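>>> build me a model from this:
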Amino acid sequence: MERFTISLDEELAREFDALIAARGYSNRSEAVRDILRAHIETSRLAREDASHCVASLSYVYNHHERELAERLTHDQHDHHDLCVATLHAHLDHDNCIESVILRGPTAEVRAFADALIAKPGVRHGALNLVSAEPGSQPHAHPHGHYRPRS
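Presented below is the predicted three-dimensional model:
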């Protein structure tokens, strides 16, 4: 573990301490590490320097929209190589929320997520990507493993 010193003006330090308390960090170091990880990850993804990823895609949709639920399920089956799991919950009599866990080549994951979010009747779509490295260790079962970066 490396150590470094950082200087902050009083107001920024006070705001940072308030953020630390609000988020439940036990100390400034933990908060700084998380902020750095998030910034590095954002930069890596913006540069498209992440060839593979794991991701969470969430969206809300009206299940009364003509055959929308079936089309969403069909698309997930067509991309079974990317889709790991889906959580479906009913929000009210009309709306559902789904969260789909994805993994694979970042460009393919983004394209799939964009296509689902763009479907008529899908609202509030959001994709959270984490860059990952495909596992290279041989193992007895036939699926791949992904290790988050940083």
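>>> quick one: low-confidence residue ranges for the chain.
45-50, 136-144, 149-150 (pLDDT under 70).
>>> just give me the residue closest to the centre of it.
N128 (2.4 Å; Cα atoms, centre = their mean).
>>> so that one sits in a strand?
Yes. Assessed by DSSP: H, G, I helix; E, B strand; the rest coil, N128 belongs to a strand.
>>> spatially nearest residue to it (excluding sequence neighbours)?
S56 (4.7 Å; Cβ to Cβ, 6 or more residues apart in numbering). From N, CA and C alone the C-beta is placed, and that goes for glycine too.
>>> other SSEs contacting the one helix or strand the one you found maps to?
Assigning secondary structure by DSSP states H and E places S56 in strand 52-62. Counting contacts by 3 or more Cβ pairs under 8 Å, 6 or more residues apart in numbering; DSSP states H and E, strand 52-62 is packed against helix 68-78, strand 95-105, helix 106-117, strand 122-134, strand 146-148.
>>> now render those as JSON lines, adding distance to N62.
Formatted as JSON lines, the helices and strands packed on strand 52-62 follow (distance: least, Cβ to Cβ, whole Å):
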{"stretch": "helix 68-78", "distance to N62": "7"}
{"stretch": "strand 95-105", "distance to N62": "6"}
{"stretch": "helix 106-117", "distance to N62": "14"}
{"stretch": "strand 122-134", "distance to N62": "8"}
{"stretch": "strand 146-148", "distance to N62": "33"}
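>>> select, out of the ones you listed, the one closest to L87.
strand 95-105 (4.6 Å; Cβ to Cβ).
>>> may I have the strands that pair with the closest one, each with its orientation?
Strand pairing for strand 95-105, using DSSP bridges, gives strand 52-62 (antiparallel), strand 83-90 (antiparallel).
>>> redo the ones you listed as CSV? Include distance to P105 and mean neighbour count.
CSV is the format used below for the strands paired with strand 95-105 (distance: least, Cβ to Cβ, whole Å; neighbours: other Cβ atoms under 10 Å):
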stretch, distance to P105, mean neighbour count
strand 52-62, 6, 20
strand 83-90, 14, 13
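>>> turn those into JSON lines, columns for distance to L116.
Formatted as JSON lines, those follow (distance: least, Cβ to Cβ, whole Å):
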{"stretch": "strand 52-62", "distance to L116": "7"}
{"stretch": "strand 83-90", "distance to L116": "10"}
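>>> right, I'll call it a day here.
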